[in-house]
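In: Make a model of this:
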Amino acid sequence: MVAICAKSVLLAALLAQASPPSAGAEDKAKAKLLLHEGLDFTRQGQHAQALEKFQAAYTVYPSPKLWFNIGQVELALDHPVEAAEAFEKFIALVPDAQHEDRKVAKSTVAQLGKKLGRLQIECEATGAEVAVDGKSVGRVPLPGPLWAPPGSHQVTITHEGSATATETVEMSAGVSALVVIRLVPIPPPAPAVPAPSVVTPAAETAVAPSEGTGAAAQIAPTGEAPNVRPQSPEPAPTPSASVAAPPPPATPAALDLSAQPAEAPSEARPVYKTWWFWTGAAVIVAGAATTIFLLTDRGGSNVPTSQLGNHGVFQ
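Out: From the prediction side, this is the model:
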């Protein structure tokens, strides 16, 4: 804790000496005040409040030396990813920092690198926003690999005109992983096709003339007054049944020579011209003749008399 406070006081002094050219005197004074307030919270062990003061000071006066103070309180709050990122920025942006400060920063990054993984994200869509586990980490192209704790992480990239892409990656301690994401453009919507306009003519319903009624009146559609056209005086037509219009002549079908001719329906003939009538008549006549013959041959009283006496044949 004493070492952290001593380093913070030293960085505060360096901050007071070096300032970006674009920063004004008022911003510099305000950032210095916020830095001292953060150092007070650090001595009291209130690291969360100290972090707020250091971040506010960087917003007012973005001195890269403040990343050392931010990295110290992030480490004290057990935020290894944020602490590694802060110390890395301090090492890269303050090459002329005190040797001891750079040594502490590099040593801390090396120790955190054994507990964290390195995630490198690549995408062809320049300017696309990158988020890891729902937290924005910058835009493509990213300045370098990201720190990530071991476990499963979700990488999401969004870009205007492309579908959102999401990839899941498993990270391990001390291991680097590469994720390459390609965005798929969203096709433009098809142009709307206007619906064809339908012109509906005014409906007119014709009323057929009834008996004793002259020409038919025309009735307007529902909601309008009947439109009765005046008719010239004509004699009332004689009621007659409606005659349907003759059907159109049928188109002759093509002649199929391969088909067998259909049998013409037989015309009805009189009964006496049929064969079964005469066959039945012949049977009846033959039967009647046989009966007469038998009766005349066997009856004694019906046998004509002769000079030889009244004897039947074969008696």
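In: In three-state terms, label Ala84 for me.
Out: Of the three states, Ala84 takes helix according to DSSP: H, G, I helix; E, B strand; the rest coil.
In: What's the local residue count around it?
Out: Neighbourhood size, Ala84 [other C-beta atoms under 10 Å]: 25. Where you see a C-beta, it was placed from the backbone N, CA and C, and this is true even at glycine.
In: which residues does the closest residue to it other than its chain neighbours contact?
Out: Computed as C-beta to C-beta, 6 or more residues apart in numbering, the closest residue to Ala84 that is not its neighbour in sequence is Leu112, at 4.3 Å. Going by C-beta atoms under 8 Å, 6 or more residues apart in numbering, Leu112 touches 80, 83-84, 147.
In: what do you get for Ala50?
Out: 38-39, 41-42, 69, 73.
In: Now it. Nearest residue, chain neighbours left out?
Out: Phe41 (3.7 Å).
In: Heading C-terminal from the helix or strand harbouring the one you found, find the next helix or strand.
Out: Assessed by DSSP states H and E, Phe41 sits inside helix 25-43. Sequence order places helix 47-60 as the next helix or strand after helix 25-43, per DSSP H and E.
In: So which elements touch the next helix or strand after that next one?
Out: Per DSSP H and E, the first helix or strand lying C-terminal to helix 47-60 is helix 66-76. Packing partners of helix 66-76 (3 or more C-beta pairs under 8 Å, 6 or more residues apart in numbering; DSSP states H and E): helix 2-17, helix 25-43, helix 47-60, helix 80-93, helix 99-113.
In: Pick out the shakiest of the ones you listed, pLDDT-wise.
Out: Among those, helix 2-17 carries the lowest mean pLDDT, a mean of 48.
In: Tell me how far Thr59 lies from Thr164.
Out: Distance of Thr59 to Thr164, computed by C-beta to C-beta, to the nearest Å: 30 Å.
In: Oh, that last question was meant for Phe68, not what I typed.
Out: 37 Å.
In: just Glu122 next, same as before
Out: Relative to Thr164, and taking C-beta to C-beta, Glu122 is found at 17 Å.
In: buried ones in the helix holding Phe41?
Out: 27-28, 31-32, 34-35, 37-39, 41-42 (16 or more other C-beta atoms under 10 Å).
In: So Trp278 lies in a helix, does it not?
Out: Yes - applying three-state DSSP, one finds Trp278 inside a helix.
In: okay, and for the stretch 101-250 of the chain, where does confidence drop off?
Out: 199-250 (pLDDT under 70).
In: those strands in it, which residues are they?
Out: 117-123, 129-132, 135-139, 146-148, 151-158, 165-171, 176-181, 205-206, 218-219 (DSSP state E, counting those that start in this stretch).
In: any chance of those in TSV, with distance to Lys103 and mean neighbour count too?
Out: Converted to TSV, the strands of the stretch 101-250 of the chain look like this (distance: least, C-beta to C-beta, whole Å; neighbours: other C-beta atoms under 10 Å):
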stretch	distance to Lys103	mean neighbour count
strand 117-123	22	18
strand 129-132	30	18
strand 135-139	28	13
strand 146-148	20	22
strand 151-158	31	16
strand 165-171	28	14
strand 176-181	24	14
strand 205-206	102	10
strand 218-219	105	14
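In: and of those strands, who's closest to Thr291?
Out: With respect to Thr291, and counting by C-beta to C-beta, the nearest of the strands of the stretch 101-250 of the chain is strand 205-206 at 80.0 Å.
In: can you put the buried residues of helix 25-43 in a markdown table and add distance to Val175?
Out: Below are these laid out as a markdown table (distance: C-beta to C-beta, whole Å):
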| residue | distance to Val175 |
| --- | --- |
| Asp27 | 42 |
| Lys28 | 43 |
| Ala31 | 39 |
| Lys32 | 42 |
| Leu34 | 38 |
| Leu35 | 37 |
| Glu37 | 40 |
| Gly38 | 35 |
| Leu39 | 37 |
| Phe41 | 36 |
| Thr42 | 33 |
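In: Any chance you could list what contacts stretch 170-182?
Out: 113-124, 145, 148-153, 155, 157, 165, 167, 169.
In: on that earlier part again, looking at Phe68 and Thr164, which one has more neighbours?
Out: Higher neighbour count among Phe68 and Thr164: Phe68, with 28 against 14, using other C-beta under 10 Å.
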